[in-house]
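Colleague: sharing a sequence plus its predicted fold:
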Amino acid sequence: MQYTSILLIDDDNDDRFFFKTAVSELDERIKCDTLNSAIDALNSLKRSPALPHLIFLDLNMPMMSGFEFLKLLKSEPRYAAIPVIIYSTSSNPDDVQKAKHLGASAYFCKPSSYIDLYEKLTKILDMDFRVGENNYQLLR
């Protein structure tokens, strides 16, 4: 696995817990940080000298949506190269297209079980999400 530092931004406590647990079970060497808001994530990124290799981002969050966060993130040269995978319950085609347009690398609908999450993360963390390669993925 090429990603050793992951950030999940999601306002749902259970989703953060299961995601972090699955990543830990996949590879305990992967550092997985979680934050419950896009605003906290922006502040954390500004303070941190080391950036995550990959960001998973929920869309529907209070105060700042995932779309707003993605737009801000991709407009900043320091963060623009960080691959962002949308991690949402929404399967709305308009959301998928908007995420792609704003610079997301992939769109991943939240699975309904822990086993599905584990299996999807196994595949996702082996993928190459180089920004600028025009390799946008809709992950099912």
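Modeller: Noted; the coordinates are in hand. Residues are numbered from 1 along each chain as shown.
Colleague: alpha carbons only for contacts and neighbour counts from here, please
Modeller: Fine.
Colleague: for stretch 112-127, what is the average pLDDT?
Modeller: The average pLDDT within stretch 112-127 is 92.
Colleague: now do the buried residues in that stretch.
Modeller: Buried residues in stretch 112-127, counted by 16 or more other C-alpha atoms under 10 Å: 117-118, 120-122, 124-125.
Colleague: and if you look at stretch 97-104?
Modeller: For stretch 97-104, by 16+ other C-alpha under 10 Å, it's 99-100, 102-104.
Colleague: element containing the spatially most central residue of the chain, please.
Modeller: For the chain, the residue nearest the mean C-alpha position is Phe56 (0.9 Å; C-alpha atoms, centre = their mean). Per DSSP states H and E: Phe56 is located in strand 54-57.
Colleague: repeat that for Leu117.
Modeller: helix 114-124.
Colleague: outside of that helix itself, list whatever touches it.
Modeller: Applying C-alpha atoms under 8 Å, 6 or more residues apart in numbering, the set of residues contacting helix 114-124 from outside is 18-19, 22-23, 26, 110-111.
Colleague: with stretch 15-33 instead?
Modeller: 3-8, 10, 34, 114, 117-118, 121-122.
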